[in-house]
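Trainee: mind folding the following:
(2 chains)
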Number of protein chains: 2
Amino acid sequence: MKAFITGGSGFIGGYLAKQLLKIGTSVTIFDKRPLPSESTLDCVFIEGDLLNLEQISNALSGGHDIVYHLAANADISAGVKDTALDLNLTTIATYNVLESMRRGSTKAIVFLSGSGVYGDLGATVATENMGPLLPVSLYGAGKLAAEGLISAFSSMFGFRATILRPANVVGGGQTHGVVFDFINKLKRDSNNLQILGDGKQTKSYLYVGDLYEAVSTVLQSQKDPVSLLNIASDDTVDVNWIAQKVIEAMKLPNVCVTHTGGKVGWTGDVPMVQLSTEKLKKTGWRPKYTSKDAVDLAIAEILDRY
Amino acid sequence: MKAFITGGSGFIGGYLAKQLLKIGTSVTIFDKRPLPSESTLDCVFIEGDLLNLEQISNALSGGHDIVYHLAANADISAGVKDTALDLNLTTIATYNVLESMRRGSTKAIVFLSGSGVYGDLGATVATENMGPLLPVSLYGAGKLAAEGLISAFSSMFGFRATILRPANVVGGGQTHGVVFDFINKLKRDSNNLQILGDGKQTKSYLYVGDLYEAVSTVLQSQKDPVSLLNIASDDTVDVNWIAQKVIEAMKLPNVCVTHTGGKVGWTGDVPMVQLSTEKLKKTGWRPKYTSKDAVDLAIAEILDRY
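Mentor: Sure thing, here's the model as predicted:
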């Protein structure tokens, strides 16, 4: 088995590569960033830009069995200042991956979409058969556009596609996200922690190992040419709870916690996200970690790396 | 009231411009094609390309109240040969319109999406609250991407958006579509008519006047910042029926009708499309024409122009 991972220099891509190598899959990573300096992955690394169609087409001409397409803009808040970011790094990048697959021989793709496609559903639990999809961030719009492109290419050119909408993925290798941000803020200033919004933003957190197990389970059981599933743990936690957990784990006695206020942390943020995993659970997958445990574990792993 | 119409040189745009001028709205048309030679529209015409962000930004800096964004790739089958067509002419073009609105002062947009976003639902009637949206054509993927962009920009930058998913729109000014194609084929060869697929593709057809009335009614009653509605007549007809109607109307006695076979006419075609209009009808709108009457009227109007 030969796997091709876009965005393999990042947190989830690196974790995935490690797990795939463990089971004997050969791995090619395509990323514009070099592999992390501490990386010991025994893989082929191709430095390249997904916005360069020829680069990705050439890289994908090597007879890979499956593409794990993880590269995308990961900074939701950045879309306000640069509205073209998600269009380029998510939508057009995905088109280039799909067009390269069409030109070559790789006919299977796994794509990490996200809950952002659902927009702001309030207290409603998001199921995959729900519409209309009205994203409130350009990040969500980019993911939705990528889903549509993958579906169309799959139908028109006979690809097999697995589209997953995960909750917030956490773990030791994180390079962004609320857990990572809080730790970094407190490493810089151990007396003050400013929380964006009112801190009551309530979401599900998924340990990266649970994500890997879900992807693996779905790929083994998938019957339809295109499959689309939510992935989340069963509970949710709010941002204030995460802040307290980080402060406790860092053993900081005197942190003044302040809030910028408002229901959302930034334009495009969603106050509450709850994903139904009924569909996924029919495959037999169950998360090993709750959101609470996943966040605790991620805090410990991130601190361990410092 | 100052309206800005992208794609105003086309069939629906031209009809819309005429109706808006009748009610005293001043109209600017932005199109890369010139106005049709027979056009008598008393409007400002700007020749420009939506793929040129500066061109559209400059054109939209003139204090317009609303954008009717109709420009898009209209040839579904063309996406198989040129997979970048819908990405460019629909997705990126829509991004450029929205970014130009953000830079300027126009904060309302009407967008014509399409049933293509639903993918192939078989005999299921498509309602707006249905998911997942898995388009089977790049045309549908482009429309879905545009919907997502419009939703995100609206939420992030305070636009008011009206997204409509119309059935097949027909009328005298058509420049593509099955009715137009059959008439043209028979004008070239009055003895033979080749139908793409088995001719049993069953869809709803909407007279362009009914579309205009729906847009007008929705704009008057819309309360939400983003509204998304199907627009269709209540019945459906199949392609073989349309072929017979065209042959009858053209009074051709000896037409040999053949079929290329298969359930779809081309890659990306959908055999059956049925759109629920329950949501739209709550505004009071009713179609004046059934699909049958709309097709009959369109045939008569197209033949009248020859």
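Trainee: can you report how many residues lie near the nearest residue to A:Ser291 once chain neighbours are set aside?
Mentor: Closest residue to A:Ser291 apart from its sequence neighbours, by CB to CB, 6 or more residues apart in numbering or on different chains: A:Tyr205 at 4.2 Å. In this view, the C-beta of every residue, glycine as well, is placed from N, C-alpha and C. Counted with other CB atoms under 10 Å in any protein chain shown, residues neighbouring A:Tyr205 total 29.
Trainee: gap between A:Tyr118 and B:Ile76?
Mentor: 27 Å (CB to CB, to the nearest Å).
Trainee: all helices of chain A, in order?
Mentor: Counting by DSSP state H, residue ranges of the helices within chain A are A:11-22, A:53-59, A:85-86, A:93-103, A:138-157, A:178-188, A:208-221, A:239-249, A:278-281, A:291-305.
Trainee: can you say which of the ones you listed is packed in most?
Mentor: Stretch with highest mean neighbour count among the helices of chain A: helix A:138-157 (a mean of 28; mean count of other CB atoms under 10 Å in any protein chain shown).
Trainee: and chain B, is it touching that?
Mentor: Yes. Using CB under 8 Å from any CB of the partner chain, helix A:138-157 comes into contact with chain B via A:138, A:140-142, A:144-145, A:147-149, A:151-153, A:155-156.
Trainee: report the mean confidence score over that helix.
Mentor: Taken as a whole, helix A:138-157 has a mean pLDDT of 98.
Trainee: repeat for stretch A:60-69
Mentor: Stretch A:60-69 comes out at a mean pLDDT of 95.
Trainee: what residues are up against A:Gly171?
Mentor: Going by CB atoms under 8 Å, 6 or more residues apart in numbering or on different chains, A:Gly171 touches A:Phe11, A:Tyr15, A:Tyr207, A:Val208, A:Gly209, A:Leu297, A:Ala298, A:Glu301.
Trainee: how about A:Leu133?
Mentor: By CB under 8 Å, 6+ apart, A:Leu133 lies in contact with A:Val117, A:Tyr118, A:Gly119, A:Leu144, B:Gly131, B:Leu133, B:Glu147, B:Gly148, B:Ser151.
Trainee: retrieve the pLDDT associated with the fifth one.
Mentor: What the model reports as pLDDT for B:Gly131 is 96.
Trainee: residues near the nearest residue to it once chain neighbours are set aside, how many?
Mentor: Counting by CB to CB, 6+ apart, B:Gly131 lies nearest to A:Gly131, which is 3.9 Å off, once chain neighbours are set aside. Counted with other CB under 10 Å, residues neighbouring A:Gly131 total 17.
Trainee: A:Gly131 reaches B:Leu121, doesn't it?
Mentor: No. Look at A:Gly131 against B:Leu121 with CB atoms under 8 Å: they stay out of range, at 11.8 Å.
Trainee: what's the overlap in contacts for those two?
Mentor: Common contact partners of A:Gly131 and B:Leu121 (CB under 8 Å, 6+ apart): B:Met130.
Trainee: interface residues of the stretch 151-300 of chain A facing chain B?
Mentor: Listed as neighbours of chain B in the stretch 151-300 of chain A under the rule CB under 8 Å from any CB: A:Ser151, A:Ala152, A:Phe153, A:Ser155, A:Met156, A:Val226, A:Leu228, A:Thr267, A:Gly268.
Trainee: closest to A:Arg102 out of those?
Mentor: Nearest to A:Arg102 among these: A:Phe153, at 6.6 Å, using CB to CB.
Trainee: spit out the contact partners of the closest one.
Mentor: Taking CB under 8 Å, 6+ apart, we find A:Phe153 in contact with A:Leu98, A:Met101, A:Arg102, A:Phe159, A:Ala161, B:Thr83, B:Leu138.
Trainee: for A:Phe153, see how far away the fourth one is.
Mentor: Spelled out, it's A:Phe159. From A:Phe159 to A:Phe153 the distance is 6 Å (CB to CB).
Trainee: overlap of the contact sets of these two?
Mentor: A:Leu98, A:Met101.
Trainee: quick check: closest non-adjacent residue to A:Ile195.
Mentor: In this structure, A:Ile195 finds its nearest non-sequential neighbour in A:His259, 4.9 Å apart by CB to CB, 6+ apart.
Trainee: I misspoke; the intended subject was A:Gln274.
Mentor: Excluding its sequence neighbours, the residue lying closest to A:Gln274 (CB to CB, 6+ apart) is A:Val125, at 4.5 Å.
Trainee: so what's that neighbour up against?
Mentor: A:Gln274, A:Leu275, A:Ser276.
Trainee: wouldn't the last one be in contact with A:Leu121 here?
Mentor: No. Counting by CB under 8 Å, A:Ser276 stays clear of A:Leu121, with 11.1 Å between them.
Trainee: give me the more crowded residue out of A:Tyr118 and B:Ile76.
Mentor: In this view A:Tyr118 and B:Ile76 are compared by other CB under 10 Å, and A:Tyr118 has more residues nearby, 27 against 23.
Trainee: do you know how far the more buried one is from chain B?
Mentor: Separation of A:Tyr118 from chain B (CB to the nearest CB, to the nearest Å) stands at 9 Å.
Trainee: for the residue lying closest to that residue once chain neighbours are set aside, list each beta-bridge partner.
Mentor: Nearest residue to A:Tyr118, sequence neighbours excluded (CB to CB, 6+ apart): A:Ala126, at 4.5 Å. Residues in a beta bridge with A:Ala126, per DSSP bridges, are A:Leu275.
Trainee: do you know how far A:Ala126 is from A:Leu275?
Mentor: To A:Leu275, A:Ala126 is 5 Å away according to CB to CB.
Trainee: any common contacting residues for those two?
Mentor: Contact criterion CB under 8 Å, 6+ apart; residues shared by A:Ala126 and A:Leu275: A:Ser115, A:Asn230.
Trainee: which of those two has more neighbours?
Mentor: A direct count of neighbours by other CB under 10 Å for A:Ala126 and A:Leu275 places A:Leu275 higher, at 26 against 19.
Trainee: restricting to C-alpha, output stretch A:79-92 in PDB.
Mentor: Output in PDB follows, covering the C-alpha atoms of stretch A:79-92 (Å, rounded to 0.1, in the frame of the first residue of the first chain):
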ATOM      1  CA  GLY A  79     -10.000  34.700   6.700                       C
ATOM      2  CA  VAL A  80     -11.400  38.000   7.900                       C
ATOM      3  CA  LYS A  81      -8.100  39.900   7.000                       C
ATOM      4  CA  ASP A  82      -7.300  37.800   3.900                       C
ATOM      5  CA  THR A  83     -10.500  36.700   2.400                       C
ATOM      6  CA  ALA A  84      -8.700  34.800  -0.400                       C
ATOM      7  CA  LEU A  85      -6.800  32.500   2.000                       C
ATOM      8  CA  ASP A  86      -9.400  29.700   2.300                       C
ATOM      9  CA  LEU A  87     -10.200  30.000  -1.400                       C
ATOM     10  CA  ASN A  88      -6.600  29.400  -2.300                       C
ATOM     11  CA  LEU A  89      -5.300  27.000   0.400                       C
ATOM     12  CA  THR A  90      -8.500  24.900   0.700                       C
ATOM     13  CA  THR A  91     -10.700  25.200  -2.400                       C
ATOM     14  CA  ILE A  92      -8.100  25.700  -5.200                       C
END
